[in-house]
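> Structure for the following, please:
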Amino acid sequence: MSQYTYSADDISRALGKDFGPSPEQARIIEAPLESNIVIAGAGSGKTETMANRVVFLIANGVVSADQVLGMTFTRKAANELATRVRENLAKLKRSNLDILGEAGDDMFGATITTYNAFANRIYSDYAHLIGRDPDAQIMSEASAWQLARSVVEDAATDDVLALDKGLETIADALLDLARALNDNMGHVGDLTRFSTDFLEAIDASTVGSLSATNQKKIHSAINIAMTYPHMDRLIASYEELKRSRGLMEFSDQVVRASEISEAFPYVGDAIRSQYKVVLLDEYQDTSNVQIRLLSSLFQGLDVSAVGDPNQAIYGWRGASASSMDTRNFFKAYAPDQAEKPVYNLSQSWRNPSVVLDAANAIAGKLASTSSNQPLTLTVGSDATTGSLTSYYPETVREEATFTAEWFKQTMAEWKPRPGVSKDRDEDKKPLKAPTAALLVRRIADLDAFKRALEDADVPYRVVGLGGLLVDP
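This next block holds a predicted model:
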């Protein structure tokens, strides 16, 4: 800490906070200016810690606000982080310490954005270098499917007949495979090459010695592989049609930006001259192509990756379980850095101990794909009271019925804390009705839970894309 004028506690007091950062948070906030990984458990205050890290560096004159770049997946998360940074800097500027000094003059200069928006910025600025239209229109999910279906309708009869499926099914497969190729930096022709290699390997193997069940699986895989050359031609037509009409999908932005950064090194030089500190949020869900883009742009800068392998959606848009692996991270961003610091945020500030015990028990059984030590969540506040209900039904319908009744009973039994009236809170303000959230594993299960909630007279609102497609 001797290298800094102000500590994390000094900043916290200047901001007028009731509590300073925890020891874990303070270590991250005051960490040396170098690349590092932060394993942040659920509810561990990662957004607050990231925001305080930025404010700490600016307040100590290590960086100016416009040298900071933060990225996350959703606009909501980006706005939340940007708001916290901006508000905390404004508070420091008004504080008695006035510790920002001249650094506060550019307090609104920090760049907080989403991964896709940043990739789109690279693409828009440099698309002409690869002969692309910088003003290409981003397609909606519906328009992408319609374009894919038109490709299938106009495809060679032999290809469509060989696939032996309906037009809608082929269109779905076309989109899935085209996006999977994008997310993994694949190219048209890769499916055909894979099909050839796979079928040759099968011919050279002793499939006949396998059990009947495994032989059935192998034959199913062979049938799928045989469709790949036909799908390759459809994907080629789809990609060419998008290009000719000036259309793009979200996944195209990252792929094209990566192509640009790798083919023209001065693009990365320009980015590195602009930023000094980079924060990568929800890093466990980054895809191979995103990591390839980010590492080509930010290698040599001070990069902090924040995420949790136990919260990852592996396979989602090409996300890889290896993204949070320490060895892979430092190889991508800081291969020459002597220290390889990994920090933990293990204290959960929003969960009672019984919930954390259950979470640790479940997560402890997950197969580890990282060189990092597994994270065990601990209680970070006085939230030690609570309850946990478990139920193992045989069908989704039984689960939905039980869940709806649980909500109905629990909401009816809700009472304010002792000393607080049912109508007013401690500050005499109107007391809001309690709210709760229900997460479903698959959108396909959504209707069963909606019907159960309706039958139990539990008012609800569906949030997210699935809900928008089902309810006007």
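
> where does this protein have low pLDDT?
1-2, 96-108, 314-318, 321, 367-373, 382-384, 415-431, 464-472 (pLDDT under 70).

> Run through the strands of it in chain order.
Assigned by DSSP state E, the chain shows strands spanning 36-40, 68-72, 111-114, 137-138, 247-248, 277-280, 302-307, 342-345, 347-348, 378-379.

> who's in contact with the fifth one?
Same thing as strand 247-248. 136-139, 143, 147, 241-242, 256 (CB atoms under 8 Å, 6 or more residues apart in numbering). C-beta here means a position set from N, CA and C on the backbone, and glycine is covered the same way.

> The fourth one too?
The contact list for strand 137-138 (CB under 8 Å, 6+ apart) reads 246-250, 253.

> mind checking the longest helix of this protein?
helix 212-244 (DSSP state H).

> So for that helix, what gets flagged as buried?
225, 227-235, 237-239, 242 (16 or more other CB atoms under 10 Å).

> what's the closest of these to residue 119?
residue 242 (16.6 Å; CB to CB).

> Would you confirm that that closest one contacts residue 147?
Yes. The pair residue 242 / residue 147 is scored as a contact, 7.0 Å apart, by CB atoms under 8 Å.

> hey, what's in contact with both of these two?
Common neighbours of residue 242 and residue 147 (CB under 8 Å, 6+ apart) are residue 139.

> returning to what we had before: would you reformat the strands of the chain as a markdown table and include mean neighbour count and distance to residue 365?
Below are the strands of the chain laid out as a markdown table (neighbours: other CB atoms under 10 Å; distance: least, CB to CB, whole Å):
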| stretch | mean neighbour count | distance to residue 365 |
| --- | --- | --- |
| strand 36-40 | 26 | 18 |
| strand 68-72 | 24 | 29 |
| strand 111-114 | 20 | 33 |
| strand 137-138 | 13 | 40 |
| strand 247-248 | 20 | 41 |
| strand 277-280 | 23 | 28 |
| strand 302-307 | 24 | 20 |
| strand 342-345 | 20 | 20 |
| strand 347-348 | 20 | 19 |
| strand 378-379 | 16 | 19 |
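
> what's the closest of these to residue 185?
The nearest among the strands of the chain, by CB to CB, is strand 247-248 at 16.4 Å.

> Would you mind putting the strands of the chain into a markdown table with distance to residue 93 alongside?
Below are the strands of the chain laid out as a markdown table (distance: least, CB to CB, whole Å):
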| stretch | distance to residue 93 |
| --- | --- |
| strand 36-40 | 27 |
| strand 68-72 | 16 |
| strand 111-114 | 18 |
| strand 137-138 | 38 |
| strand 247-248 | 41 |
| strand 277-280 | 20 |
| strand 302-307 | 24 |
| strand 342-345 | 28 |
| strand 347-348 | 30 |
| strand 378-379 | 35 |
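
> just so I know, which of these lies nearest residue 187?
Between these, strand 247-248 lies closest to residue 187; by CB to CB that is 16.6 Å.

> before we move on, the earlier item: among the buried residues of helix 212-244, pick out the one closest to residue 125, please.
For the buried residues of helix 212-244, the nearest to residue 125 is residue 242 (20.5 Å; CB to CB).

> How many neighbouring residues does residue 45 have?
22 (other CB atoms under 10 Å).

> so what's it closest to, chain neighbours aside?
residue 349 (5.5 Å; CB to CB, 6 or more residues apart in numbering).

> The one you found and residue 46 touch, don't they?
No. Residue 349 is beyond contact range of residue 46, at 10.5 Å (criterion: CB under 8 Å).

> quick revisit: and of the buried residues of helix 212-244, the nearest to residue 10?
Nearest to residue 10 among the buried residues of helix 212-244, with distances taken as CB to CB, is residue 242, at 53.5 Å.

> residues contacting the closest one?
Here residue 242 is in contact with 139, 147, 248-249, 252 (criterion: CB under 8 Å, 6+ apart).

> you'd agree residue 375 is up against residue 311?
No. Using CB under 8 Å, residue 375 is not in contact with residue 311, being 10.2 Å away.

> Max pairwise distance over the contacts of strand 247-248: which two?
Among those, 143 and 256 lie farthest apart (CB to CB), at 18.6 Å.

> More neighbours: these two, which one.
A direct count of neighbours by other CB under 10 Å for residue 143 and residue 256 places residue 256 higher, at 22 against 13.

> Do I have it right that that one meets residue 130?
Yes. At 6.8 Å, residue 256 counts as touching residue 130 under the criterion of CB under 8 Å.

> Pull the number of nearby residues for residue 147.
19.

> need the contact list for the closest residue in space to residue 35 that isn't next to it in sequence.
With sequence-adjacent residues excluded and distances taken as CB to CB, 6+ apart, residue 35 is closest to residue 334, at 3.9 Å. Residue 334 makes contacts with 34-35, 299-300, 303, 340, as judged by CB under 8 Å, 6+ apart.
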